[in-house]
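In: could you look at this predicted model? Sequence included:
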Amino acid sequence: MSERKSDEFCKSVRMKEQRKIRAGQKGTVGMWSAFGSMGAVGWLVALPAVLGSLLGAWMDHSWPAEISWTMTMLGAGLALGCLCAGIWMNREKNKIIKERDEWECKDSKSQEGNDDRK
């Protein structure tokens, strides 16, 4: 039982070590890259909100009603923008996870080859 725990611990440490080595080889994410991602998310949220409020203002001018079309369409645009930003962020996260899994699969195969040689 303790040998199995020891093997699992060694495997866990090996995977973390490989991840750190790979991160060092890949380099860090630059400041401009991070600003670019924040800008993309900002545009994904802001653009539908602005377009929605413009559409609502036009609707208020064309069809006056008891409700404020501007505020209604602003809320709808904001909700749509947040949904689009969430979808985009989820896709980016899935790309990162897929890349990590591919590297871990590659690392584990290379480790199995090294273990067979010993």
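Out: Structure's in. What do you need? Numbering: from 1, shown residues only.
In: check the offset of the host helix or strand of K93 from the chain's centre.
Out: Using DSSP states H and E, K93 sits in helix 69-117. The chain centre lies 5 Å from the centre of helix 69-117; the measure is CA atoms, centre = their mean, to the nearest Å.
In: so where's the protein shaky on pLDDT?
Out: Flagging of the chain using pLDDT under 70 yields the residue ranges 1-2, 26-29, 111-118.
In: give me that answer again for 80
Out: 1-6, 15, 18-35, 103-104, 106-118 (pLDDT under 80).
In: which other helices and strands contact the helix holding K93?
Out: For helix 69-117, the packing partners by 3 or more CB pairs under 8 Å, 6 or more residues apart in numbering; DSSP states H and E come out as helix 2-26, helix 31-62. Just so you know, the C-beta spots here come from the backbone N, C-alpha and C atoms, and that holds for glycine as well.
In: angle of that helix against helix 2-26?
Out: 120 degrees (axes from the mean of the first three to the mean of the last three CA atoms, to 10 degrees).
In: and the direction of helix 69-117 versus that of helix 31-62, what angle?
Out: 150 degrees.
In: buried deepest among the helices and strands packed on helix 69-117, which one?
Out: Scoring those by mean neighbour count under mean count of other CB atoms under 10 Å gives helix 31-62 as the most buried, with a mean of 14.
In: tell me which other helices or strands it touches.
Out: Helix 31-62 sits against helix 69-117, with contacts defined as 3+ CB pairs under 8 Å, 6+ apart.
In: now E104, nearest residue through space, not along the chain?
Out: M15 (6.3 Å; CB to CB, 6 or more residues apart in numbering).
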